[in-house]
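**Student:** With the input below, show me the fold.
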Amino acid sequence: MSEPVCAYTDGACRGNPGPGGWGVLLRYRGREREFFGGERVTTNNRMELMAAIKALETLRRPCRVRICTDSQYVLRGITEWLPNWIRRNWRTAAKTPVKNEDLWKRLAAAQSTHRVEWEWVKGHTGHPENERADRLANRGIDELLGRNSTEEASHAPDRA
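**Tutor:** Coordinates of the predicted model:
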C-alpha cells in the first residue's frame, strides 16, 4: 500500500462570527501544495471544516489520506458524532439541529471516496505543518479583507 497523502488543515476567524479563513498544506512523496480561502462572515468552526473539506475535495482520485487538524470539533465530529447525527436525522442528542449541517454533509461526502485517518495535533505549539496551515488560514482572511468584494476568496487548485 502506498504512503498516504498528508493534509495539514486549519481554520481561523477574526471575531466569531467575523471574517474567516481556511488553509491546507498537502504533502505527498516529498511534494507540497498550499492553498487557502476565506469568507467575509463565518465562524471558526466553519473554517476548520472548510479546510478539511477542501483538502479532500482537491484530490483527483481515491487515496489514503491522513488529515492532521488542531480542531477537536472536526475530529470528534467526523469520528464520533457523525453516525449518531445521521441516525437522528441531523439532530443532536438534545434533539436540536446539528450546527453546520451543510458542511458536515459535504465533509462526509468528500471523505467517502478516500481511506481517511484523522489525527489531532495541539495548535499553536510550534508544530511546523500546523503553523503553516494557520498562516495560510490567516492569509485567506488577509486577502479577503484586501478585496472590495463580499464574495468568498479562494486560492485553491481545482484538483490535485
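**Student:** going forward, measure contacts and count neighbours with C-alpha atoms only.
**Tutor:** OK.
**Student:** which residues in the chain form helices?
**Tutor:** Here the chain has its helices, by DSSP state H, at 44-57, 72-76, 82-87, 101-111, 128-145.
**Student:** Flag every buried residue along the shortest one.
**Tutor:** Spelled out, that is helix 72-76. When burial is assessed from 16 or more other CA atoms under 10 Å, helix 72-76 yields the following buried residues: 74-75.
**Student:** mean confidence for it?
**Tutor:** On average, the pLDDT along helix 72-76 is 98.
**Student:** for it, the distance to its chain's centre please.
**Tutor:** Taking CA atoms, centre = their mean, to the nearest Å, one finds helix 72-76 lying 11 Å from the centre of the chain it belongs to.
**Student:** pLDDT weak spots in this protein?
**Tutor:** Applying pLDDT under 70 to the chain flags residues 1, 147-160.
**Student:** centre of the chain versus stretch 106-123, how much separation?
**Tutor:** Taking CA atoms, centre = their mean, the mean C-alpha location of stretch 106-123 is offset from the chain mean by 9 Å.
**Student:** Since that was my last question, I'll sign off now.
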